[in-house]
Each structure stands twice: as C-alpha cells, then as structure tokens.
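**Q** can you look at this prediction? I've put the sequence above it.
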Amino acid sequence: MPKGVVVAPARHGGDQAQAFLRRGRRYIPLGAPDAESFPARLDAALLGPEPRAGSLGHLVWRYQQSPEFKRLAPRTQDDYREQLGRIGRAFGREPLSAFDDKVAAQRIFAWRDRRAASPRRADYRVQVLKSLLGWAAGRGLVERNRAAGIPPLYRSDRRYKIWRPEDVEAFVAVAAPNLALALILAVETGQRQSDLLALRWRDIDGDVIGLRQAKTRQDVAVPITPPLARALEIAPRSSPFVLVRQDGQAWASEGGFRNAWRYYCRKAGITDLTFHDLRGTFVTRRLADGWSLQEVAFCTGHSFRNLACLERYAHRGTIARALARRRLRQSEIALPPPSPMALWPEGP
C-alpha cells in the first residue's frame with residue numbers, strides 16, 4: 001500500500017475492511033481494498049483534483065500519471081509524492097512559463113536554502129524538482145531545466161566509517177537474535193536495509209542468495225559465507241521472511257526496525273556507525289580480499305558503467321594494507337630459498 005493508506009479492519013462478521021487515504025487531518029474513503037474499483041479510486045485520491053492547466057501544479061499532476069513516474073519503485077513513488085506535494089505548495093499556482101526565466105533558478109535556490117538546516121532533506125526536494133523539470137523539458141513543456149545546475153548542500157564522506165570486528169562483536173553480544181541476524185546479513189551481503197527486510201527464505205539457493213533490488217531493479221547474487229551460513233542455520237523459520245520481529249512476525253514497517261536497531265546500537269555503545277555503513281564495510285572487505293570491482297558490483301547492484309562510485313563505500317587504507325600484505329606473502333612463497341653459496345661467497 002502507498003504511504004498514507006490505512007486499513008480499518010471489519011468490526012462485524014459481515015462487514016468488509018475499509019481503506020482510507022490520510023491527507024493531513026482528513027481521511028479520504030477508498031472502499032474495500034479487495035474491491036475491483038479500489039486501484040482506480042486509490043489512483044484518483046493520490047492524484048487529487050486536476051489543477052489549472054498551464055500551472056506548475058498541473059505539471060506535477062501530469063508527471064504522476066506518466067510512464068516515467070510509474071516505472072519508479074513503489075517506495076520511491078511514495079517519497080516523490082511527498083516531495084511533489086511540497087513543490088506544489090511552494091510553486092503550484094505559478095505559470096509554467098515562469099520556469100523558463102533565469103530568475104527561476106534564484107527562486108529555487110532561495111526555496112532550498114530555507115531548509116539548509118536539514119541539508120539532506122533540502123537536497124532531496126531539489127532532486128525531485130530536477131526530475132520533474134527534466135521530464136517537462138524532455139517533452140518540450142519548458143525550454144530548459146532551471147534546477148539542473150543547483151549543487152547539493154550535503155557533503156559527507158563515510159568511506160572511513162566501517163564496522164570493525166570488535167564493533168560487530170559488541171552489537172551481537174547485546175542484541176536480540178533477530179537483530180544480530182540482520183547485522184550479519186548486512187555485513188556479509190552488502191544489501192540495503194529495505195532489501196534485507198524483504199528477503200524471503202525462497203531467495204536462498206544453496207550457497208547463494210539471489211534477489212532483485214527494489215531501488216535499482218538489479219538482479220544480484222551473493223555467496224553465503226561461513227559466518228552467514230551458521231547464522232541462517234540457527235535462525236527460526238516462522239515466517240516466509242528471513243528477518244522477523246521477536247514475535248516471529250514480519251516487520252510491519254522499516255520505522256519499527258530502525259527504532260529497534262538504534263536501541264541496540266546505543267546499548268552496545270555504538271554511536272557513529274549506521275546500518276548503511278555495513279554496505280561500505282562489505283565493499284571494503286571484499287576489495288581487501290582481492291575481489292575485482294565487477295565481482296563486488298554483481299553483489300551490490302552497481303552499474304558496470306559507473307564502477308567508480310564504489311569508491312565512496314571503500315576504506316582505501318584498509319584495502320591497501322590488506323593487498324600489500326597479500327602481495328608480500330605471495331612474493332615470499334614465490335621466491336626460492338637462498339643457497340648457501342649465495343650467502344657465503346667463495347674465498348680467494
């Protein structure tokens with residue numbers, strides 16, 4: 001279900017469950033979720049009434065019905081709708097022609113800068129606006145994308161934020177078994193939190209985990225390491241999903257999982273590492289083990305055309321030291337032992 005949809009269970013034996021779309025303090029009735037008319041009513045409620053033609057609000061309305069928008073992953077569509085709503089409230093009544101003017105970039109900068117205290121959120125709003133105006137420019141609805149040249153506010157380098165073995169041990173020592181399994185899965189597969197929460201037992205094929213990532217739609221396959229195999233062997237199979245709550249049920253939301261994760265991080269004394277840093281730890285470990293960039297990309301889902309982006313996940317110092325030691329060991333094995341004659345040259 002899209003974000004904002006709530007389902008009220010049936011109160012009496014003959015009643016059907018009813019779905020509603022929450023919009024602020026309003027709840028828009030959608031009818032029974034299993035009714036044939038439900039998808040159409042949901043789409044109409046998500047779109048809202050058609051705005052005035054020629055306005056930016058009308059462009060937002062059209063964009064959400066486009067094939068490009070519908071190709072986005074469901075989670076991305078939810079996030080985009082939220083930001084498109086903010087864009088509509090800020091610029092929706094303005095004529096679309098106003099975004100052909102050079103002054104439009106200044107107004108977009110000012111709109112972004114008002115949210116500078118939360119740079120990542122401000123950047124995401126601009127990212128969605130770039131997508132919207134890029135779609136409009138591609139269809140000839142505006143002359144150019146005035147948001148395209150706006151740089152991000154947020155700057156972060158988390159290449160050096162990796163989970164050390166002692167960090168992993170500290171977390172596993174205090175965490176509930178279901179959260180400990182989540183950590184081991186993440187550090188041994190390099191997958192995103194959302195993909196791991198959606199992972200099913202049927203996705204495990206012998207000694208390989210295969211799945212299609214929700215964000216990139218890439219098919220990935222990751223070998224099951226001995227530590228992961230041991231963790232999976234003792235994990236309960238009370239649900240089709242691998243990661244479950246302590247009561248054996250699937251996680252109802254990513255928010256519930258994140259709250260539990262933060263709790264055990266605090267309990268373990270881990271304050272400067274995130275769940276996503278486990279993805280970088282996986283990349284760092286595999287490159288340090290001598291894997292090629294292509295081999296890592298087959299696991300992480302990165303495009304072969306842009307392998308350089310893996311660098312933002314990799315701790316170069318750790319990789320360099322591991323490779324240097326490996327080369328040293330290989331050279332020691334390859335060199336023959338010195339002969340006594342080489343050590344003790346003949347006398348006169």
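**A** Cool, got the structure.

**Q** domain assignment for the chain?
**A** 1-8+18-48, 51-155, 165-331 (automatic domain parsing).

**Q** end to end, how far does the shortest one reach?
**A** Think domain 1-8+18-48. 17 Å (Cα to Cα, to the nearest Å).

**Q** OK, contacts around Ser97?
**A** Neighbouring residues of Ser97 by Cβ atoms under 8 Å, 6 or more residues apart in numbering: Gly54. In short, each C-beta sits where N, CA and C put it, glycine included.

**Q** any idea whether it is helix, strand or coil?
**A** helix (DSSP: H, G, I helix; E, B strand; the rest coil).

**Q** count of neighbours near the closest residue to Val220 other than its chain neighbours?
**A** Nearest non-adjacent residue to Val220, counting by Cβ to Cβ, 6 or more residues apart in numbering: Gly301, 4.9 Å away. Burial of Gly301 is recorded as 19 neighbouring residues (other Cβ atoms under 10 Å).

**Q** model confidence for Gly301, exactly?
**A** Gly301 carries a pLDDT value of 88.

**Q** what about the strands in the stretch 101-250 of the chain?
**A** Ranges of strands in the stretch 101-250 of the chain, per DSSP state E, counting those that start in this stretch, are 204-205, 208-212, 219-223.

**Q** can you tell which of those is closest to Phe38?
**A** strand 208-212 (25.9 Å; Cβ to Cβ).

**Q** and that closest one, what's its mean pLDDT?
**A** The average pLDDT within strand 208-212 is 93.

**Q** Val222 pairs with what?
**A** Note on Val222: beta-bridge partners Ile209, judged by DSSP bridges.

**Q** re the thing from before, and the strands of the stretch 101-250 of the chain as a markdown table, adding mean neighbour count and distance to Leu232?
**A** Below are those laid out as a markdown table (neighbours: other Cβ atoms under 10 Å; distance: least, Cβ to Cβ, whole Å):
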| stretch | mean neighbour count | distance to Leu232 |
| --- | --- | --- |
| strand 204-205 | 14 | 7 |
| strand 208-212 | 16 | 9 |
| strand 219-223 | 15 | 12 |
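
**Q** Gly88: which of these is closest?
**A** strand 208-212 (32.2 Å).

**Q** what is the orientation angle of that closest one with strand 219-223?
**A** Orientation check (axes from the mean of the first three to the mean of the last three Cα atoms, to 10 degrees): strand 208-212 against strand 219-223 gives 160 degrees.

**Q** need the pLDDT of Arg11.
**A** pLDDT, read off for Arg11, is 68.

**Q** for the residue nearest to Val220, give me phi and psi.
**A** Note on Gly301: its backbone torsions stand at phi 90, psi 10 [degrees, to the nearest 10].

**Q** OK, contacts around it?
**A** Gln213, Lys215, Thr216, Gln218, Val220.

**Q** 10 Å - rerun?
**A** For Gly301, the contacting residues are 190-192, 195, 211-213, 215-220, by Cβ atoms under 10 Å, 6 or more residues apart in numbering.

**Q** and it, how far is that from Lys215?
**A** From Gly301 across to Lys215, the span is 8 Å (Cβ to Cβ, to the nearest Å).

**Q** shared neighbours of these two, anything?
**A** With Cβ under 10 Å, 6+ apart, Gly301 and Lys215 have common neighbours Arg192, Asp195.

**Q** per-residue confidence averaged over the helix or strand that contains Phe282?
**A** Using DSSP states H and E, the element containing Phe282 is helix 277-288. The pLDDT scores in helix 277-288 average 92.

**Q** what of stretch 162-181?
**A** The model assigns stretch 162-181 a mean pLDDT of 95.

**Q** endpoint to endpoint, that stretch covers what distance?
**A** End to end - Cα to Cα - stretch 162-181 spans 18 Å.

**Q** return the set of buried residues in it.
**A** For stretch 162-181, a neighbour-count test (16 or more other Cβ atoms under 10 Å) marks 162-163, 167-168, 170-172, 174-175, 178-181 as buried.
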